[in-house]
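1. Got a sequence here, can you model it:
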Amino acid sequence: MWFTRVAHRGESCTISCRIALSLHRIRWKCVRSYRFRLWHEDCYTTPILKMATIEDTMPSRPEIFRVLLISPFDEDRRNLSRILPSAWQQHDAGTQAEGLEFLQGNPAHVAICESELPDGTWKSVRSKIALMACPPVLVVTSRLADEALWSEVIHLGAYDVLAKPFKSDEVVHVLTGAVSLWKSRIGQSSGSPPQVRSGSPL
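-> Numbers count the residues shown, from 1 in each chain. Here you go, the predicted structure:
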């Protein structure tokens, strides 16, 4: 009886071991199959996912800012063109009439106006663009830029004065501030054309 019990116990142990081994082999095959499937899917899908991720994180195109220079001097046009970054579009007008005609169909962010023009002054330009639905921020330029001109420009509502000849750091600084002002006016009007008030910077 004792040997029989031992034998039964041995057979039971053997059967249990065989079952456990079989289950282990089945489990391992399933694991290997699952890993292979994951690897296979990863090989084919990962590049697509990576491409999508790269496209999603690519920086958007830089904003384009339009600057109108109203000046009869070719030197001013060349110097400004040399200074402006690539994201800034420069448009030139030699007279007040040309500048206003351009602005009627092509709104600009900033207008740089020579203090004295063949057919007007920066003051007459300011009075005209003040009537526009979306006026550019007005910057006055002059070779005789002094404190008196700067005070008058600020008092009458223009943004700033650029002395000539143009200096790169000063031009970039003034125009960047002018564009920020233009954006703030658009934001305050909730996307509608900003309403210009008397004495507000143009």
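2. so where do the helices sit in this structure?
-> 2-57, 74-83, 96-105, 122-129, 147-155, 168-188 (DSSP state H).
3. relative to helix 168-188, how tilted is the second one?
-> Read it as helix 74-83. Going by axes from the mean of the first three to the mean of the last three CA atoms, to 10 degrees, helix 74-83 is angled at 80 degrees with respect to helix 168-188.
4. Buried residues, helix 74-83. List them.
-> By neighbour count with 16 or more other CB atoms under 10 Å, helix 74-83 contains the buried residues 76, 77, 79, 80, 83. (C-beta placed from N, C-alpha, C; glycine too.)
5. Of those residues, which is the nearest to residue 182?
-> residue 80 (17.8 Å; CB to CB).
6. Could you list the single helix or strand in the protein with the lowest mean pLDDT?
-> Lowest on mean pLDDT, DSSP states H and E among the helices and strands of the chain sits helix 2-57, with a mean of 46.
7. just for this protein, where's the confidence low?
-> 1-62, 188-202 (pLDDT under 70).
8. domains of it?
-> 1-58, 65-188 (automatic domain parsing).
9. in stretch 167-186, what counts as buried?
-> Within stretch 167-186, the residues scored as buried using 16+ other CB under 10 Å are 171, 174, 175, 178, 179, 181, 182, 185.
10. Give me the contacts around that stretch.
-> 65, 67, 80, 83-85, 88, 109-110, 134, 136-137, 139, 159-160, 162-163, 194, 201 (CB atoms under 8 Å, 6 or more residues apart in numbering).
11. burial of residue 135, as a residue count?
-> When neighbours are defined as other CB atoms under 10 Å, residue 135 has 23 of them.
12. Now the phi/psi pair for it, please.
-> The phi and psi torsions at residue 135 (degrees, to the nearest 10) take the values phi -70, psi 150.
13. Distance-wise, check it relative to residue 162.
-> 18 Å (CB to CB, to the nearest Å).
14. ok, now residue 75?
-> In terms of CB to CB, residue 75 sits 14 Å off from residue 162.
15. Okay, and the beta partners of the closest residue to residue 145 other than its chain neighbours?
-> Once flanking residues are discounted, residue 145 sits nearest to residue 163: 3.9 Å by CB to CB, 6 or more residues apart in numbering. Going by DSSP bridges, residue 163 is paired in beta bridges with residue 142.
16. residues contacting residue 163?
-> Applying CB under 8 Å, 6+ apart to residue 163 gives the contacts 141, 142, 143, 145, 170.
17. Please apply the same query to residue 136.
-> 68, 103, 107, 108, 109, 110, 111, 129, 182, 202.
18. Format the contacts of residue 163 as a markdown table; extra columns: distance to residue 119.
-> Listed next are the contacts of residue 163 as a markdown table, based on distance: CB to CB, whole Å:
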| residue | distance to residue 119 |
| --- | --- |
| 141 | 17 |
| 142 | 17 |
| 143 | 19 |
| 145 | 21 |
| 170 | 28 |
